[in-house]
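Chemist: Dropping a prediction and its sequence here:
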Amino acid sequence: MNRVNQDCVEPLRYLSKEEAVSMETELLRDYRFGREQLAELLGHACAVAITKIFPLSSLEKRQPTLLVLCGPGQNGCVGLVCARYLRLFEYNPTVFCHERSRDALHQDLTVQCEKMDLPFLSYLPAEVQLVNDAYNLVVDAVLGPETEPETEALTSALQAMRGVKIPVVSLDIPSGWESDDSNTDQINPALLISLITPKRCAQSFSGPHFLAGRFLPYDIQKKYQLNLPKFAGTDCVVEL
C-alpha cells in the first residue's frame, strides 16, 4: 500500500520504469539539468541518508568501513559521488566498479574519488571477507532503471550481496529487482534510498526508506502527480 503524505490528501505515487525514464529525459532535455549535476545532487543526498540510519557512533566498535559497489551507468555515477561524500563525512569507503566504464562522467567521478585517496578494488572480495568484519556496510549502486548488460562480474556482485550478513544499502532499485516489481529472492536491503521519486518495486519494501533529491520543479511534480512528501527545513532527504 502506498504511504500517505501527511500534508497531502493524495497518496505518494510510485512511478513505473517507463515513467521514471521519461521524467529523467525531460529533466535532461527540457529543464537543462546535466547528468553530472544530477549525480552530484543525488549522491550527496544518498550519503546524508546513510548517515541518518548508520551514524558513525553506531559503527564505533570498529572502523567505519563501507564497500561501495558501482555499476557502469548513471546509478554507478551516483554511487561514486556518494562514496566521495561519505569520505568527507569521515567514513572509510572502498569502491569496486564491476567493469571499467566507457562513460566520460563515470571516468571523471572515478578520478575525483581517486584524488581523495579512496581505495579502489580490482576484484570483488570473497563473501567470507565481507562477512568477517572487513566492512560495516555494502552500498549497492550497481543497477538503476536503465537496462545494463549482464556480465560475470555483475553476477558475482549480486551473489555476494545475497550472501552477506552485514547491512546492504541500495540506491534507487535493489540490484536484481525489476523496476516495476520487487524480487526479494535477490537481495533484501537494510535501507532503500529512492532517487528523485520512488519506483513501483519499492511499494512492498518494509524497511527504512528515504527519498533523495530535493530539486524537482513544481510543474513536473504536478505533471506526474507525484504528491511528494514535505522535506523538513533545508533537508535534502526525507524518510517515507
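Modeler: Yep, it's here.

Chemist: so the spatially most central residue of the chain bridges to which residues?
Modeler: The residue lying closest to the centre of the chain (Cα atoms, centre = their mean) is residue 171, at 1.8 Å. Taking DSSP bridges as the rule, residue 171 bridges to residue 193.

Chemist: ok, residues contacting the helix or strand containing residue 83?
Modeler: Assigned by DSSP states H and E, residue 83 belongs to helix 74-88. Identification of contacts with helix 74-88 by Cβ atoms under 8 Å, 6 or more residues apart in numbering yields 35, 38-40, 42-44, 46-48, 50-51, 66, 68-71, 93, 95, 97, 101, 103, 105-106, 109-110, 112-113, 116, 118, 139, 141-144, 146, 171-173, 195. C-beta: built from backbone N, CA, C; applies to glycine.

Chemist: Only the buried members of these: can you turn that into a ChimeraX selection?
Modeler: Applied in ChimeraX, the following selects the buried portion of the contacts of helix 74-88 according to 16 or more other Cβ atoms under 10 Å:
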select :35,38,39,40,42,43,44,46,47,48,50,51,66,68,69,70,71,93,95,97,101,105,106,109,110,113,118,139,141,142,143,144,171,172,173,195
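
Chemist: Which members of the contacts of helix 74-88 occur in strands, if any?
Modeler: Counting by DSSP state E, the part of the contacts of helix 74-88 found in strands is 66, 68, 69, 70, 93, 95, 97, 139, 141, 171, 195.

Chemist: nearest to residue 160, of these?
Modeler: Distance to residue 160, by Cβ to Cβ, is smallest for residue 69 among the ones in strands among the contacts of helix 74-88, at 8.1 Å.

Chemist: where in this protein is pLDDT low?
Modeler: Residues of the chain meeting the criterion pLDDT under 70: 1-9, 60-62, 125-133, 144-156, 182-185.

Chemist: Contacts only, for residue 113.
Modeler: 80, 83, 84, 87, 95, 120.

Chemist: who touches the residue nearest to the last one when sequence neighbours are not counted in this structure?
Modeler: In this case it means residue 120. Closest residue in space to residue 120, ignoring its immediate chain neighbours: residue 95 at 5.0 Å, by Cβ to Cβ, 6 or more residues apart in numbering. Contacts for residue 95 (Cβ under 8 Å, 6+ apart) come out as 67, 68, 70, 79, 80, 83, 113, 118, 119, 120, 121.

Chemist: mind running it again at 10 Å?
Modeler: 66-70, 76, 79-80, 82-84, 110, 113-114, 118-121, 139, 141 (Cβ atoms under 10 Å, 6 or more residues apart in numbering).

Chemist: now residue 90
Modeler: So residue 90 contacts 51, 56, 64 (Cβ under 10 Å, 6+ apart).
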